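Asker: Predicted model, plus sequence, below.
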Amino acid sequence: MVAGSVALVVASAYLTVSYLAQRSAGAADPMLFTSNWMWYKPLNIAFSLGVDGVSVAMICLSAIIVMTGTFTSWKIEPLTREFFMWFCLLSTGVFGFFITTDMFTMFMFYEVALIPMYLLIGIWGSGKKEYSAMKLTLMLMGASAILLVGILGIYFSAGATTMNVLELVNIYIPMESQYLFFVLSFVGFGVLGALFPFHTWSPDGHAAAPTAVSMLHAGVLMKLGGYGCFRVSIYLMPEAAKELAPIFLVLTAIGVVYGGLAAIHQRDLKYINAYSSVSHCNLVLFAILMLTQTAMTGAVLQMLSHGLMTALFFALIGMIYGRTGTRMITEMGGLMRVIPFLGVAFVIAGLASLGLPGLSGFAAEMTIFFGAFENADVFRRVLTVAAVSSIVVTAVYILRMVGKFLYGPMQNQKHASITDAVWFERLAVIVLIAGIVYIGSFPFGLSEMLNDSLGNVIAALQR
Amino acid sequence: MEYTILILLLPLLSFLAIGLLGTKLKPCTAGLVGTITLGAVTVLSYFTAFKYFTAPKVDGAWEAFPAYDVTWLNLGEKLHIDLGILLDPISVMMLVVISTVSLMVHIYSMGYMKGERGFQRYYSFLSLFSFSMLGLVLATNIFQMYIFWELVGVSSYLLIGFYYTKPSAVLASKKAFIVTRFADFFFLVGILVLSYFTQTFNFTELMSGDGSIFSSAIGASFMGASALVWAMALIFIGGAGKSAMFPLHIWLPDAMEGPTPVSALIHAATMVVAGVYLVARLFPIYLGYTPEVLAGIGYVGAFTAMFSAIIAITQTDIKRVLAFSTISQIGFMMVALGVSTSMHLNHGDHGGLGYMASMFHLFTHAMFKALLFLCAGSVIHAVHSNYMQDMGGLRKYMPITHITFLIACLAIAGIPPFSGFVSKDEILTAAYGFSTGMGVWMTITAGLTAFYMFRLYYSIFWGKEYKVTNGHTPHESGRWMTFALIFLAAITVVGGFIPFGKFVTADCVPYDIKLDWTIAAISVAVAVVAILLARKLYKKENEKPTELATKISGAYKLSYNKFYIDEVYMFITKKIIFNGISRPFAWFDRHIIDGAINGSASLTAWTSEKIKSFQSGSLQWYAWVFLAGVLLITILAIFV
């Protein structure tokens, strides 16, 4: 697994390099490395591959998180082999989703990623694991049912000739079907991206899941939602997107602030981070719905940033939980002195989350805010300002959390003897921090790559 | 002047080196690495200042030029965030101020923090702060300023919370960060509005030109004010947060929980004047297009100056007295900017005087307030207490601290020829030029300043005799510390003779400072009366202060409890936001939204429970239903 996941990182880095090389050599197609195999003729379902800058970036993110997740599950018990088997299947689903351009195949990979999740939480989880596994799976299954209707609706109203996104974009879908299927596909993907008010699977699911699964789920799986929203819903039905965006903008703006405010009142570290994820992921959807190139670039940056950040958070929470046996911030205190490495890493993750310049959250959020402000109407401006206010709310819950359990006097004398991170934990943490610092300090190249690729979506919006 | 990039890179490298190596470094090595780096930065800054002010002027004015500029991130087609270095009179002046005070604090801390746990961490944070603060003043554009603005905020957070096992320090650091973050939210929205209409962040592009860049911002209006007024007011709120203007001042007194040298550097000399610097940086826009906002800045400053001077009179923690004094003095600087009514100075009309006076006071205040804090640190080091009642009669034990403290007190009280006299006199002149009311108000505030500073001075060094307990005699601090005190005291003595008007003016055209002797005489007289009053009350131990306090006990309590502003905030955050909004939200999420989800699950379960009997396998039941169905259809077919 270690060898495999490291190979994944190398392969995705190679993919990025060759992608950028082809782009700079002048390749102008919307997607590169395309190929096509028909696998179900009656419905024109094909296994079509292709990547653009956005998918390349998401693949790199997934590879990093799979690798660090593997390292944090170094000592998973019991049924080690089975755990990694399901973990591999989950990763397959994720990677498959990002490389396909066929709507149905995308949907299939999404389902592939979903099923292992149930077992991984139900067997290796903690707390109310059966309830949470059931809740998460059922809610996401419900969403995928809606999504399936949406996808089939798009297929049939576009003339039932192809499932490939790249071909569908050239076909005009009648307005009345757009209204219906935009809503269905957007909500279907949106649930996975924690769209308010369909987000409650996330706190319970994340809290109950084992560390590596929380990391992969919050870090990558939730990004499937945002990715699907613009790759399918907005890209294929831009006219409906323009008309219906305000409704969803209100929901996501509420989600941004609401998630943050709800996080203030949590005591469990995982719940705090899960609500924080709700807030950050709603910001992704918010940015996508602003329908400007800058805001969408910011949305993808935020997906990458949040992916790394939240994976780091869950990894650290898992490590701390493994040592102290509790995740309640009220039962801990003064841990900085006994576990300085984990403590400092936690503070860095927190600072990234509250948008400190030089760490990833800042670059992403600023791109979103300025992109959103490009819209000249007062309605979107007001919502943007509401979303900006989340920078204060985030600071409140992050500093409250850090202040309670890392700083202050030692709360529980049993914690005085716990040990700091060991090498494989350190490795995972350092890799994630390096990613966060890279995006935060040198965002220029990445943002250009994403911006170029998103030009196609914007072109579709302006036709 | 490409080498100026080193001014930023050196402290950053020092931060990374000390921070990453951590406890692998010996404390002493870490301290020396930080101090030597800052020494190099100071040399470079002085050299830059020298080169800048000896370069030829263009049309008789100092030229502003970017020494460095790279694009960091593109935001849309036109907007892009750059990182760079802008050299102009105020940024060069700030370079000198920051590097000098920071170096002195580095040197002083070698003695003050000796043997503290986390010495390496302390020095790495100091380097981080120096890097961020220098980046802030050298910013070529408003967004770069915002970036470093956040970075100084976080360095301040880390340093206030340096003693992180102390709950009060943790709370104070959290409060400081969140209050300033709250203000930064307005700052950011201000930048959003401004940059949308002007399509640039760059200071040079904003300032130069005929102002057509603002025409769309002036044209657009929102709730009765133009977009530009909104933008500039919002940006000022950001500045008011960092500079602790009323009502956002509450974080600064608590920030005194940090180590004293940190208070000297961050919470007296450099970071807290960032708001003043911000207004000065954007001064041409404030003056030219939104004079109403500029006047508002003046009134906020004037109110804050008097308000916090009144609080300072009754505080007993010596660091808190100094903290309120800092707030009050920053109020002076804001007033000076607010009363400037033109870019140019023609004698007789003092329109452009305030700007120069503000920058001058920023400079002199940074030196003497840092000195006051470092002296306070020296005293606290000697008696192990922050409270006046544990002090008294210390002049015999610590002569160097005593003399340097006295010099700083004389400077802040505005006694000639010390530096504070000249800069404060310029501010008063500018205030009288604006309106007599403003002038009188500020003169009274200056009198209060002299009173509370000498109350502090007499209570520490005179008053009751120091009682030696547990065989511990207070003694003078070591060489690292006294060196810093003497150096800053020297600047405080001679600083007033710097011909500041030759270097820093609103329109960058040099002129000679002329003291207005009438105003100077009034303000000195007021200060002397105040000092004599303080001497009468506090020089010898007596009952008069307590008697006075009981006589006006209502006013005394109001001032002692800082006008209960903290309690108001506590009510708003704890009662309204925390319990009134956040808790219901969390409840709503668990019970209503989740309840709906769980409810739909139980509804499904209930429905299936109810209808499962339909498929019971009982043949009689199936036959009944079959028969009933046939009957029903028959009836329907016949009658409908």
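Answerer: Thanks, I have the structure now.
Asker: all helices for the stretch 301-450 of chain A, in order.
Answerer: A:340-353, A:360-372, A:378-388, A:390-405, A:423-441, A:443-462 (DSSP state H, counting those that start in this stretch).
Asker: Count the residues that sit near residue A:208.
Answerer: As a burial measure, residue A:208 scores 24 neighbours (other CB atoms under 10 Å in any protein chain shown). In this view, the C-beta of every residue, glycine as well, is placed from N, C-alpha and C.
Asker: The nearest residue to it once chain neighbours are set aside: how many residues sit nearby?
Answerer: Closest residue to residue A:208 apart from its sequence neighbours, by CB to CB, 6 or more residues apart in numbering or on different chains: residue A:132 at 3.6 Å. Applying other CB under 10 Å, we find 22 residues neighbouring residue A:132.
Asker: isn't residue A:132 right next to residue A:205, touching?
Answerer: Yes - the pair residue A:132 / residue A:205 is scored as a contact, 5.3 Å apart, by CB atoms under 8 Å.
Asker: who touches both of these two?
Answerer: Taking CB atoms under 8 Å, 6 or more residues apart in numbering or on different chains as the contact rule, residue A:132 and residue A:205 both touch residue A:121.
Asker: Most distant residue from the centre of chain A?
Answerer: Most distant from the centre of chain A: residue A:413, at 37.5 Å, with distances by CA atoms, centre = their mean.
Asker: show me what contacts the residue most central in space within chain B?
Answerer: Centrality entry for chain B: nearest residue to the mean C-alpha point is residue B:272, 2.6 Å, by CA atoms, centre = their mean. Counting by CB under 8 Å, 6+ apart, residue B:272 touches B:242, B:243, B:244, B:252, B:266, B:326, B:330.
Asker: Kindly report the same for residue A:241.
Answerer: Contacts for residue A:241 (CB under 8 Å, 6+ apart) come out as A:182, A:233, A:234, A:289, A:291, A:461.
Asker: do residue A:157 as well
Answerer: So residue A:157 contacts A:173, A:174, A:177, A:178, A:181 (CB under 8 Å, 6+ apart).
Asker: switch the cut-off to 7 Å
Answerer: A:173, A:174, A:177, A:181 (CB atoms under 7 Å, 6 or more residues apart in numbering or on different chains).
Asker: now swap in residue B:242 and tell me
Answerer: B:180, B:183, B:271, B:272, B:274, B:275.
Asker: Would you agree the last one is in contact with residue B:240?
Answerer: In this case it means residue B:275. Yes - the criterion here is CB atoms under 7 Å, and residue B:275 meets it with residue B:240 at 5.9 Å.
Asker: If you count surrounding residues, which of these two has more?
Answerer: More crowded of residue B:275 and residue B:240, by other CB under 10 Å: residue B:275, with 29 against 26.
Asker: ok, for the residue in the stretch 101-250 of chain A positioned nearest to chain B, nearest residue in space, not its chain neighbours?
Answerer: Nearest to chain B in the stretch 101-250 of chain A, going by CB to the nearest CB, is residue A:200, at a distance of 4.6 Å. In this structure, residue A:200 finds its nearest non-sequential neighbour in residue B:594, 4.6 Å apart by CB to CB, 6+ apart.
Asker: re earlier: can you tell me which of the contacts of residue B:272 are in helices?
Answerer: B:242, B:252, B:326, B:330 (DSSP state H).
Asker: So what does the nearest residue to the last one once chain neighbours are set aside have for phi and psi?
Answerer: Read it as residue B:330. Closest residue in space to residue B:330, ignoring its immediate chain neighbours: residue B:243 at 5.1 Å, by CB to CB, 6+ apart. Torsion angles at residue B:243 (phi, psi; degrees, to the nearest 10) stand at phi -90, psi 10.
Asker: Could you report the distance from residue B:243 to residue B:540?
Answerer: 38 Å (CB to CB, to the nearest Å).
Asker: And these two? Which one has more around it.
Answerer: More neighbours surround residue B:243 than the other of residue B:243 and residue B:540, with 31 against 12 (other CB under 10 Å).
Asker: That one reaches residue B:275, doesn't it?
Answerer: Yes - Residue B:243 lies in contact with residue B:275 (CB under 7 Å); the separation is 2.9 Å.
Asker: Tell me which stretches of chain B form strands.
Answerer: B:65-75, B:79-87, B:221-222, B:225-226 (DSSP state E).
Asker: Out of those strands, which gets the lowest mean score?
Answerer: The stretch with the lowest mean pLDDT among the strands of chain B is strand B:221-222, at a mean of 77.
Asker: ok, and what's touching it?
Answerer: So strand B:221-222 is contacted by B:227, B:230 (CB under 7 Å, 6+ apart).
Asker: same deal with stretch A:435-447?
Answerer: For stretch A:435-447, contacts defined as CB under 7 Å, 6+ apart pick out A:57, A:64, A:297, A:301, A:304-305, A:308-309, A:312, A:352, A:358-360, A:362-363, A:367, B:71-74.
Asker: Please repeat the previous calculation with a cut-off of 6 Å.
Answerer: If you take CB atoms under 6 Å, 6 or more residues apart in numbering or on different chains as the criterion, stretch A:435-447 is touched by A:64, A:297, A:305, A:308, A:352, A:358, A:359, A:360, A:363, B:73.
Asker: Tell me where the stretch 301-450 of chain A is predicted with low confidence.
Answerer: For the stretch 301-450 of chain A, not a single residue meets the criterion pLDDT under 70.
Asker: Quick one: name the residues of it near chain B.
Answerer: A:334, A:356-357, A:367, A:370, A:373-374, A:385, A:388-389, A:391-392, A:395-396, A:399, A:403, A:407-409, A:443-444, A:447 (CB under 6 Å from any CB of the partner chain).
Asker: I would like a ChimeraX command selecting only the buried ones among those residues, please.
Answerer: Per 16 or more other CB atoms under 10 Å in any protein chain shown, the buried members of those correspond to this ChimeraX selection:
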select /A:334,356,357,367,370,373,374,385,388,389,391,392,395,396,399,403,407,408,443,444,447
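Asker: residues near the closest residue to residue A:324 other than its chain neighbours, how many?
Answerer: Once flanking residues are discounted, residue A:324 sits nearest to residue A:415: 5.5 Å by CB to CB, 6+ apart. Applying other CB under 10 Å, we find 22 residues neighbouring residue A:415.
Asker: all helices for the stretch 101-250 of chain B, in order.
Answerer: Counting by DSSP H, counting those that start in this stretch, the helices of the stretch 101-250 of chain B are B:119-137, B:142-160, B:167-198, B:203-207, B:215-219, B:227-242.
Asker: For these, give me CSV that also has mean pLDDT.
Answerer: Listed next are these as CSV, based on pLDDT from 0 to 100:
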stretch, mean pLDDT
helix B:119-137, 92
helix B:142-160, 92
helix B:167-198, 90
helix B:203-207, 85
helix B:215-219, 75
helix B:227-242, 91
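Asker: how about those in a markdown table, adding distance to residue B:629?
Answerer: Converted to a markdown table, the helices of the stretch 101-250 of chain B look like this (distance: least, CB to CB, whole Å):
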| stretch | distance to residue B:629 |
| --- | --- |
| helix B:119-137 | 80 |
| helix B:142-160 | 73 |
| helix B:167-198 | 67 |
| helix B:203-207 | 81 |
| helix B:215-219 | 74 |
| helix B:227-242 | 71 |
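Asker: Quick check: which of the strands of chain B is buried the most?
Answerer: Stretch with highest mean neighbour count among the strands of chain B: strand B:79-87 (a mean of 21; mean count of other CB atoms under 10 Å in any protein chain shown).
Asker: okay, which residue is most central for chain A?
Answerer: residue A:223 (2.9 Å).
Asker: can you tell me the helix or strand for that residue?
Answerer: Element membership of residue A:223 [criterion: DSSP states H and E] is helix A:222-228.
Asker: need the helices for the stretch 451-600 of chain B, in chain order.
Answerer: Using DSSP H, counting those that start in this stretch, the helices of the stretch 451-600 of chain B run over B:479-494, B:517-538, B:544-551, B:553-560, B:565-570, B:583-588, B:594-611.
Asker: Highest mean neighbour count out of these?
Answerer: helix B:479-494 (a mean of 20).
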